[in-house]
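Q: Give me a model of this one.
(2 chains)
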Amino acid sequence: MEQNLEKIFQDKIDREVRIEPKDWMPEKYRQTLIRQISQHAHSEIIGMLPEGNWITRAPSLRRKAILLAKVQDEAGHGLYLYSAAETLGISRDQMYDQLHTGKAKYSSIFNYPSLSWADMGVVGWLVDGAAIMNQVPLCRSSFGPYARAMVRVCKEESFHQRQGFEILYVLSKGTEAQRKMAQDAINRWWWPSLMMFGPKDDESPNTIQSMKWKIKRFSNDELRQKFVDVCAEQVKVLGFTLPDNDLKWNEERGHYDFGAINWDEFWQVVQGNGPCNKERLDARKKAWEEGAWVRDAALAYANKKAKQKQAAA
Amino acid sequence: MSFQINKLYYGDYGESKNGAADISTTQQNAAEWPLWEVFIRSKQGLDHKHAGSLHAADAAMAIENARDVYTRRMEGVSLWVVESKYIHASNPDEAGSLYDPANDKAYRHPTFYDLPEEVKYM
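A: Model prediction:
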């Protein structure tokens, strides 16, 4: 019976029929999705912190309004994704708990500090750029609610990347100090951005099964290469460089070759030893704990109102 | 034909006893705001369409949150929110038999009928 269901399930996947929450699915598929979607949601929420850091110090009202809108979008993206994960049977509070206790991971990129205004440009261009590259194929993910959430996310994300590039473009036309600041930001974020695509294919524990189930469509390395190819061209427009001496066009492959990634650093950051892991998680926990009375008060008020309405009826 | 309507959340938790579905009914959720489904009318004259879900303490808060979460770019002119526990859904396992009566009635479609070429505007 179980085997039969599994066959019907895989057959649906192969025919590009979306899986919906109430359809039968292998337990492992459910678990994989819960892990991936909730981590994705956590990344959006934690991702607000490095940028929130610059809202009050944005150099103009225009930039401040843009940054506020962008950070609000990230909150929205987190909420779409939490909702999608909830359809698989995990509760919001459980996911928060997994994040706060360190059981669930989030994108390693957000454990790096945002030190200058130019970082807001680079986060938009490279970090959101890498995110988009990962996310566009997820719009065709086999799980319906995830795919639908990703369609909304991708629609909104493109302004994020463009405003980031614009910040850098303006800086590139600026003073020597501004150009230096921008190049420094690129130097610091380039390698962590490449790590965002996750471990190499032969070391990525979840990719193969995820591709068979069409949760993922492209492997980590395929997407990373695509990202390098795009950025190596875009950086020329800015007149800056990417901090990689091995970056070179390879005519034969039709791709850019690039240097070795420091995977030791990646695993260190994933395991909690990045520059800002503790700071990020502490900020998140503080917000959750200090917001408890608001959540309780709202619920108490709603219950009181409901009772009054009942009594009046 | 058995015609079973299960009362289900947008997802599959609460009353179902399958797989991981029971996780969410643990006590941990006691203080969690209820879940609401959000429907948006994107423009006057069109239907409300399901957009997603969110948590809110009551209906007024659900509408305000829905505005912030789902209509930041003028996606809607009207919002409906329904507490998820009030959504009733058909059972996907029985989709075959449930929709079976519609399968073999090709004559319900206009293309079923052979008309001479010279007939216009029909």
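
Q: quick one: the helices in the stretch 1-150 of chain A?
A: Listed in chain order, the helices of the stretch 1-150 of chain A (DSSP state H, counting those that start in this stretch) span A:2-14, A:27-46, A:48-52, A:61-86, A:92-100, A:117-122, A:128-135, A:144-172.

Q: cool, the stretch 151-300 of chain A as well?
A: So, for the stretch 151-300 of chain A - with DSSP H, counting those that start in this stretch - the helices run A:176-195, A:207-212, A:220-238, A:263-268, A:277-290, A:292-312.

Q: possible to save the ones you listed as CSV with mean neighbour count, distance to residue A:124 and mean pLDDT?
A: Where you see a C-beta, it was placed from the backbone N, CA and C, and this is true even at glycine. Output for the helices of the stretch 151-300 of chain A, formatted as CSV (neighbours: other CB atoms under 10 Å in any protein chain shown; distance: least, CB to CB, whole Å; pLDDT from 0 to 100):
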stretch, mean neighbour count, distance to residue A:124, mean pLDDT
helix A:176-195, 19, 11, 97
helix A:207-212, 16, 27, 76
helix A:220-238, 17, 12, 96
helix A:263-268, 14, 22, 92
helix A:277-290, 14, 19, 96
helix A:292-312, 11, 31, 94
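
Q: Would you mind giving these as JSON lines with distance to residue A:38 added?
A: Shown next, in JSON lines, are these (distance: least, CB to CB, whole Å):
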{"stretch": "helix A:176-195", "distance to residue A:38": "20"}
{"stretch": "helix A:207-212", "distance to residue A:38": "15"}
{"stretch": "helix A:220-238", "distance to residue A:38": "19"}
{"stretch": "helix A:263-268", "distance to residue A:38": "20"}
{"stretch": "helix A:277-290", "distance to residue A:38": "14"}
{"stretch": "helix A:292-312", "distance to residue A:38": "20"}
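
Q: Please name the residues that touch the residue nearest to residue A:168 when sequence neighbours are not counted.
A: Closest residue to residue A:168 apart from its sequence neighbours, by CB to CB, 6 or more residues apart in numbering or on different chains: residue A:121 at 4.0 Å. The contact partners of residue A:121, by CB atoms under 8 Å, 6 or more residues apart in numbering or on different chains, come to A:164, A:165, A:166, A:167, A:168, A:171, A:182, A:185.

Q: are any of those residues buried, and which?
A: Neighbour-count burial (16 or more other CB atoms under 10 Å in any protein chain shown) applied to the contacts of residue A:121 gives A:164, A:165, A:167, A:168, A:171, A:182, A:185.

Q: Report the two of these separated the most.
A: A:165 and A:185 (12.7 Å; CB to CB).

Q: Over to the most centrally placed residue in chain B: give its phi and psi.
A: In chain B, the residue lying closest to the centroid (CA atoms, centre = their mean) is residue B:50, at 6.0 Å. Main-chain dihedrals, residue B:50, degrees, to the nearest 10: phi -60, psi 130.

Q: what about residue 86, neighbour count?
A: Since you didn't name a chain, this refers to chain A. Using other CB atoms under 10 Å in any protein chain shown, residue A:86 is surrounded by 29 other residues.

Q: my question was about chain B
A: 10.

Q: Then residue B:76?
A: Neighbour count of residue B:76, defined by other CB under 10 Å: 21.

Q: Got phi/psi on residue 60?
A: Since no chain was named, I'll use chain A. Taking degrees, to the nearest 10 as the convention, residue A:60 sits at phi -150, psi 170.

Q: same check, this time on residue B:51
A: Residue torsions, per degrees, to the nearest 10, at residue B:51 are phi -110, psi -30.

Q: Name all residues that make contact with it.
A: B:38, B:39, B:40, B:66, B:70, B:75.

Q: Now for chain B, the helix or strand with the poorest mean pLDDT.
A: None of the helices or strands of chain B scores lower by mean pLDDT, DSSP states H and E than strand B:5-7, at a mean of 31.

Q: Chain A now?
A: For chain A, judged by mean pLDDT, DSSP H and E, that is helix A:207-212, with a mean of 76.

Q: Check what pLDDT whatever residue of chain A ends up closest to chain B gets.
A: Relative to chain B, the nearest point of chain A is residue A:87 (3.2 Å; CB to the nearest CB). pLDDT, residue A:87: 94.

Q: give me phi/psi at it?
A: Dihedral angles for residue A:87 - degrees, to the nearest 10 - are phi -70, psi -10.

Q: can you tell me the average pLDDT over the helix or strand where residue B:99 lies?
A: Element membership for residue B:99 (DSSP states H and E) is helix B:95-103. The predicted model gives helix B:95-103 an average pLDDT of 83.

Q: Quick one: distance of that helix to the chain centre.
A: Counting by CA atoms, centre = their mean, to the nearest Å, helix B:95-103 is centred 19 Å from the centre of its parent chain.

Q: Go through it and flag the buried ones.
A: Those would be residue B:98, for helix B:95-103 by 16+ other CB under 10 Å.

Q: For residue B:77, list the residues it contacts.
A: Residue B:77 neighbours (CB under 8 Å, 6+ apart): B:41, B:42, B:43, B:44.

Q: Go ahead and name everything in contact with the longest helix along chain B.
A: Longest helix of chain B, by residue count under DSSP state H: helix B:59-70. Helix B:59-70 is touched from outside by A:72, A:76, A:79-80, A:298, A:302, B:33, B:36, B:38, B:40, B:51-52, B:54-56, B:76, B:79, B:81, B:83, with contacts defined as CB under 8 Å, 6+ apart.

Q: in its sheet, what does whatever helix or strand comes next after it sit against?
A: Later in the chain than helix B:59-70, the nearest helix or strand by DSSP H and E is strand B:78-83. Sheet partners assigned to strand B:78-83 using DSSP bridges are listed as strand B:35-41 (antiparallel).

Q: Just to check, the residue nearest to the centre of chain B is in contact with residue B:37?
A: Yes. Between residue B:50 and residue B:37 a contact is recorded at 6.5 Å, counting by CB atoms under 8 Å.

Q: For ChimeraX, what selects the buried ones among the contacts of residue B:77?
A: Here the buried members of the contacts of residue B:77 are turned into a ChimeraX selection, burial being counted by 16+ other CB under 10 Å:
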select /B:41,42
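
Q: Going by distance to residue A:234, which of the contacts of residue B:77 wins?
A: Using CB to CB, residue B:42 comes nearest to residue A:234 of the contacts of residue B:77, at 33.9 Å.

Q: What values do phi and psi take at the closest one?
A: phi -80, psi -30.

Q: Is stretch A:17-24 in proximity to chain B?
A: Yes. Using CB under 8 Å from any CB of the partner chain, stretch A:17-24 reaches chain B at A:20, A:21, A:22, A:23, A:24.

Q: Other residues contacting that stretch?
A: Against stretch A:17-24 from outside (CB under 8 Å, 6+ apart): A:5, A:8-9, A:12-13, A:25, A:29, A:87-88, A:142-145, A:147, B:8, B:10-12, B:89, B:91-93.
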